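Asks: Return atomic coordinates for the entry below.
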Amino acid sequence: MTENVKNPSEWVKARRSTNSNACVEMRRLEHVEVRDTKQRGHGPTLQLGQAAYATWLAGAKSGELDHLAGL
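Replies: This next block holds a predicted model:
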């Protein structure tokens with residue numbers, strides 16, 4: 001999700017997302033923050049350490065979390 005990002009502290013939308021805002025954005029600080037795009041910066045963020053983020057991302061990529069989205 002962060003390939004080709006010039007400033008990792010900026011919010012980045014997933015490459016596979018559509019223009020429907022049905023996705024998440026992330027940014028890297030000392031930790032990784034994830035937020036719902038629909039909230040436009042006004043909703044809560046999920047803050048994860050680097051190792052926890054790597055585990056979460058691997059689970060999302062493998063389909064482990066699809067049941068949470070009703071897929």
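Asks: Going by C-alpha atoms from here, please, whenever you check contacts or count neighbours.
Replies: OK.
Asks: Can you pull the phi/psi pair for the residue nearest to residue 65 when sequence neighbours are not counted?
Replies: Excluding its sequence neighbours, the residue lying closest to residue 65 (CA to CA, 6 or more residues apart in numbering) is residue 59, at 6.3 Å. Reported as degrees, to the nearest 10, the phi and psi values for residue 59 are phi -60, psi -40.
Asks: and residue 58, how many neighbours?
Replies: Close neighbours of residue 58, defined as other CA atoms under 10 Å, add up to 13.
Asks: cool, and the one 5 residues further on?
Replies: Residue 63 is surrounded by 11 other residues when neighbours are defined as other CA under 10 Å.
Asks: Please report how far it lies from residue 36.
Replies: With the distance defined as CA to CA, to the nearest Å, residue 63 ends up 19 Å from residue 36.
Asks: which residues in the protein form helices?
Replies: Secondary structure of the chain (DSSP state H): helices located at 50-62.
Asks: Lowest mean pLDDT among the helices and strands of it, which one is it?
Replies: strand 12-13 (a mean of 85; mean pLDDT, DSSP states H and E).
Asks: Partner strands of that one and their direction?
Replies: strand 24-28 (antiparallel) (DSSP bridges).
Asks: Where does the prediction get shaky in this protein?
Replies: 1-6, 8, 18-21, 70-71 (pLDDT under 70).
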